[in-house]
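>>> Here you go, sequence then predicted model.
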Amino acid sequence: MDAILINSGLAFLEGFALIISPCILPILPLILSGSLTGGLRRPIGIIVGFVITFTIVTLFSRLIVNYMHISPDALRYTSYVILFLLGFMMLSTYLSEKFALLTAKLVGVGSSFQTSNPSQSGFISGLLFGALVGIIWTPCAGPILAAVIVQAIIQHTTLSSVLIVAAFAVGAGLPMLLIALMGREIMQKFDFFRKHAVLFRKLLGAIIIASVVVLFYMSNSTIALAQPSTTNAPVSQLANGLEHPYPAPEIGGIEAWINSPPLQLSQLKGKVVLIDFWTYSCINCIRTLPYLKEWYAKYHDKGLEIIGIHSPEFEFEHDLDNVKNAVKKDGILYPVALDNDFVTWQRFHNQYWPAHFLIDKNGNVVYEHFGEGEYDTTENNIRYLLGINSQFPLSTPTVQTYSTLLTPETYLGYARAENFSNALTMSRDKKANYTYPSQLSVDHWALNGNWSIYPDKIIAETAGSSIKLHFNAQEVYAVMGADRPIDVKVTFTNLSAPAAKTIQPSIRVLRNQLYTVVKLDKESEGIVELTASAAGLEMYTFTFGG
């Protein structure tokens, strides 16, 4: 219970701090404008409605993603469109009047439950307004999008998660309530604002539109998964350490251990521990492995322990034998724990693959890094915590940059699929025959032949079934699997000048894992087609490198 209260308190503070985040900008004008009518209880009703729907939508995001077959990105972009239209409506007196007429009945229903005192009216209508704002805003918040994906993978909701999400929502709602109440006071005390209410409404509408444009631009900008550090900080100090180190949560919920008997962090006091959250078919995780293995070889006998917490993204990654095969194939010697129920993942409040948490000899997390990169900084901090001087050279980081044109990870199962270009819409959970379209835009993909499409994968139902992808990248990988060996023919068409560096003309799929499809001299535009030699080929996702 103490852990739940602490986590809920932290979630409250995170929600409160969201007031300075760009994702809050579009709804503040909505909250403010919606609070200017009705009685004193209307702003309270708006915030209560916002908190309730925000909490419900976030907690049941798994149902929205998996069972309603809605992409998180589609939800976010739909929210952007709705917010943009609301802003545009507020700019127009005609549209604002029409909208008021359309919502009059709804407000009337709310008003019928109100007290006869006008100053105390508006709670129910505010509740309905706030509920709508909460639904619209939830997909816009970046942290919530990550929660949507994790909820879809974890597939369960606990009392802890309810309290944490509710605390986050209350934290986000309180500053909104203060702004709404202050806005009412200002409007009532200053004649200028009362006389220019229309101008004020239009200004709020313009702010909403500008905020949506900024958010849309930010969401489509490149996120550097690899973040090479430029620092060469000496080992006499901790580089980029946490301002407030915290006791490392205990490892728990582990289904099996590889390379080690069960471990507890409490057993490792006096050692430096690096916790690595990963999953074996994640290309970003795979690219971090050479550094982790090198650090383990160099510093394990000096007091470093690395623990790989394997938290699966796909169903086949839950299988112990699959993980054992990957650990053996990748030459991993340090302990690996199967966190199939995401218990340890949640205890560390993690949201990323890969993620690194560095724990000092006293059992405190003193450094965190998410994604690829900062290898020299991480190694510097390992050596600092171990008390090692410069007798070992730092690992040389591989500088990886990602352009804004790089094709994003492409999921093929209908739960998260995007840019599907067949004329025939996806037939969910059943066989269907597909035909390639005449053209395929960049970042889009299409099927040919007989396929079954499931939430997290597609399965070729006949020999000769194929998939075609138009990409822009230097490297193309595919997560595939089969219950027996299947050969996959690779056909590549280069649409840019550089010649291909490595093309696999045929890939033998022996087990569920990540396979290299194409490697080019540099980032290029091309079309790749994979054709199954037999029925039963499973495909999950395409990932890319630049």
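Received, thanks.
>>> can we go C-alpha only for contacts and neighbour counts from here?
Will do.
>>> any idea which helix or strand carries residue 309?
In this assignment (DSSP states H and E), residue 309 forms part of strand 304-310.
>>> Can you mark which positions in that strand are buried?
Neighbour-count burial for strand 304-310, counted by 16 or more other C-alpha atoms under 10 Å, picks out 304, 305, 306, 307, 308, 309, 310.
>>> How about stretch 427-444?
Buried-residue list, stretch 427-444, by 16+ other C-alpha under 10 Å: 428, 431, 432, 434, 435, 436, 440, 442, 443, 444.
>>> Which one of those residues is nearest to residue 240?
residue 443 (35.8 Å; C-alpha to C-alpha).
>>> Let me see the contact set for that closest one.
407, 408, 419, 469, 470, 471, 472 (C-alpha atoms under 8 Å, 6 or more residues apart in numbering).
>>> ok, for the third one, nearest residue in space, not its chain neighbours?
Think residue 419. Distances taken as C-alpha to C-alpha, 6 or more residues apart in numbering place residue 444 nearest to residue 419, at 4.7 Å, with adjacent residues excluded.
>>> For that neighbour, what are phi and psi?
phi -100, psi 160 (degrees, to the nearest 10).
>>> Surely residue 345 is in contact with residue 311?
Yes. Counting by C-alpha atoms under 8 Å, residue 345 does reach residue 311; the two are 7.2 Å apart.
>>> Those two: which has the busier surroundings?
residue 311 (27 against 22; other C-alpha atoms under 10 Å).
>>> State the distance from the more buried one to residue 346.
10 Å (C-alpha to C-alpha, to the nearest Å).
>>> Please apply the same query to residue 524.
On the measure of C-alpha to C-alpha, residue 524 and residue 346 end up 38 Å apart.
>>> pLDDT below threshold where in the stretch 1-150 of the chain?
Scanning the stretch 1-150 of the chain for pLDDT under 70 picks out the ranges 1-8, 10-11, 13-40, 58-80, 82-83, 86-87, 89-90, 93, 95-122, 134-150.
>>> Identify the contacts common to residue 345 and residue 311.
In contact with both residue 345 and residue 311: 277, 339, using C-alpha under 8 Å, 6+ apart.
>>> before we move on, the earlier item: for residue 524 and residue 346, indicate the residue with more neighbours.
The neighbour count for residue 524 versus residue 346, taken as other C-alpha under 10 Å, is higher for residue 524 (22 against 15).
>>> Just checking: what are the partner strands of the helix or strand containing that one?
Per DSSP H and E, residue 524 falls inside strand 513-532. Strand 513-532 has its sheet partners listed here by DSSP bridges as strand 466-481 (antiparallel), strand 486-494 (antiparallel), strand 500-503 (antiparallel).
>>> looking only at pLDDT, what's the mean for the last one?
I take that to be strand 500-503. What strand 500-503 shows for mean pLDDT is 64.
>>> try stretch 436-443
91.
>>> now swap in stretch 536-543 and tell me
94.
>>> Let me see the contact set for the closest residue to residue 251 other than its chain neighbours.
Nearest non-adjacent residue to residue 251, counting by C-alpha to C-alpha, 6+ apart: residue 344, 5.4 Å away. Contact analysis of residue 344 by C-alpha under 8 Å, 6+ apart lists 250, 251, 252, 253, 254, 309.
>>> Would you report which members of the buried residues of stretch 427-444 are assigned to strands?
Mapping the buried residues of stretch 427-444 onto strands (DSSP state E) picks out 431, 432, 434.
>>> How about the last one: which residues does it bridge to?
Translated: residue 434. According to DSSP bridges, beta-bridge pairing links residue 434 with residue 449.
>>> Specify the residue ranges that define each domain of this structure.
2-219, 227-386, 410-545 (automatic domain parsing).
>>> and residue 367, which of the three is it?
Put simply, residue 367 is strand when judged by DSSP: H, G, I helix; E, B strand; the rest coil.
>>> Give me the pLDDT value at it.
So, for residue 367, pLDDT stands at 94.
>>> Which of the contacts of residue 443 sits closest to residue 505?
residue 469 (15.8 Å).
>>> Pull the contacting residues for the closest one.
Residue 469 sits next to 440, 443, 444, 445, 446, 527, 528, 529 when contact means C-alpha under 8 Å, 6+ apart.
>>> change it to 6 Å
Shown in contact with residue 469 (C-alpha atoms under 6 Å, 6 or more residues apart in numbering): 445, 527, 528.
>>> between these, which is closest to residue 334?
Nearest member of those to residue 334, counting by C-alpha to C-alpha, is residue 528, at 36.7 Å.
>>> Just grab the bridge partners of the closest one for me.
Here residue 528, judged by DSSP bridges, has bridge partners residue 469, residue 492.
>>> avg pLDDT for the strand holding residue 524?
Strand 513-532 shows a mean pLDDT of 90.
>>> Give me the contacts around the very next helix or strand once past it.
Where DSSP H and E defines the elements, the next helix or strand beyond strand 513-532 is strand 538-545. Outside strand 538-545, the residues that touch it by C-alpha under 6 Å, 6+ apart are 409-412, 457-459, 474-482.
>>> May I have the beta-bridge partners of residue 411?
residue 541.
>>> Number the residues from 51 up from this point.
From this message on, residue numbering opens at 51, which makes the last subject residue 461.
>>> My read is that it contacts residue 467, right?
Yes. Between residue 461 and residue 467 a contact is recorded at 5.0 Å, counting by C-alpha atoms under 6 Å.
>>> In the stretch 301-450 of the chain, mark out all the helices, start to finish.
Remark: helices assigned in the stretch 301-450 of the chain by DSSP state H, counting those that start in this stretch are 333-349, 370-379, 393-397, 425-436.
>>> The longest one: which residues count as buried?
Which is helix 333-349. 333, 334, 335, 336, 338, 339, 341, 342, 343, 345, 346, 349.
>>> Residue 327: which of the residues you listed is nearest?
Within these, the smallest distance to residue 327 is 8.4 Å, found for residue 335 (C-alpha to C-alpha).
>>> I figured that closest one hits residue 404, correct?
Yes. In this structure, residue 335 is within contact of residue 404 by C-alpha under 6 Å, at 5.2 Å.
>>> and for these two, which residues touch both?
residue 328.
>>> Any stretches of the stretch 251-400 of the chain with poor pLDDT?
251, 254-255, 257-258, 261-262, 264-286.
>>> Please enumerate the strands of it.
Counting by DSSP state E, counting those that start in this stretch, one finds strands in the stretch 251-400 of the chain at the ranges 276-277, 296-297, 307-308, 322-328, 354-360, 386-388.
>>> Output these in TSV, with distance to residue 568 appended to each entry.
Listed next are the strands of the stretch 251-400 of the chain as TSV, based on distance: least, C-alpha to C-alpha, whole Å:
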stretch	distance to residue 568
strand 276-277	20
strand 296-297	43
strand 307-308	32
strand 322-328	23
strand 354-360	27
strand 386-388	30
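>>> Out of those, flag the one nearest residue 553.
Across the strands of the stretch 251-400 of the chain, closest to residue 553 is strand 276-277 (C-alpha to C-alpha), at 24.1 Å.
>>> So residue 510 versus residue 218, what's the distance?
43 Å.
>>> For the contacts of residue 493, which single residue is the most surrounded?
Busiest of the contacts of residue 493 [other C-alpha under 10 Å] is residue 521, holding 28 neighbours.
>>> Can you say which of the contacts of strand 588-595 are buried?
Buried among those (16+ other C-alpha under 10 Å): 459-462, 507-509, 524-532.
>>> of all these, which comes closest to residue 177?
Once C-alpha to C-alpha is applied, the member of those that ends up nearest residue 177 is residue 461, at 37.4 Å.
>>> Tell me how far the closest one lies from residue 469.
Residue 461 is 10 Å from residue 469, where distance means C-alpha to C-alpha.
>>> With residue 571 instead?
Applying C-alpha to C-alpha to residue 571 and residue 469 gives a distance of 26 Å.
>>> can I get the buried residues of helix 333-349 in a markdown table with distance to residue 315?
Output for the buried residues of helix 333-349, formatted as a markdown table (distance: C-alpha to C-alpha, whole Å):
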| residue | distance to residue 315 |
| --- | --- |
| 333 | 28 |
| 334 | 26 |
| 335 | 23 |
| 336 | 25 |
| 338 | 23 |
| 339 | 22 |
| 341 | 22 |
| 342 | 19 |
| 343 | 20 |
| 345 | 19 |
| 346 | 17 |
| 349 | 18 |
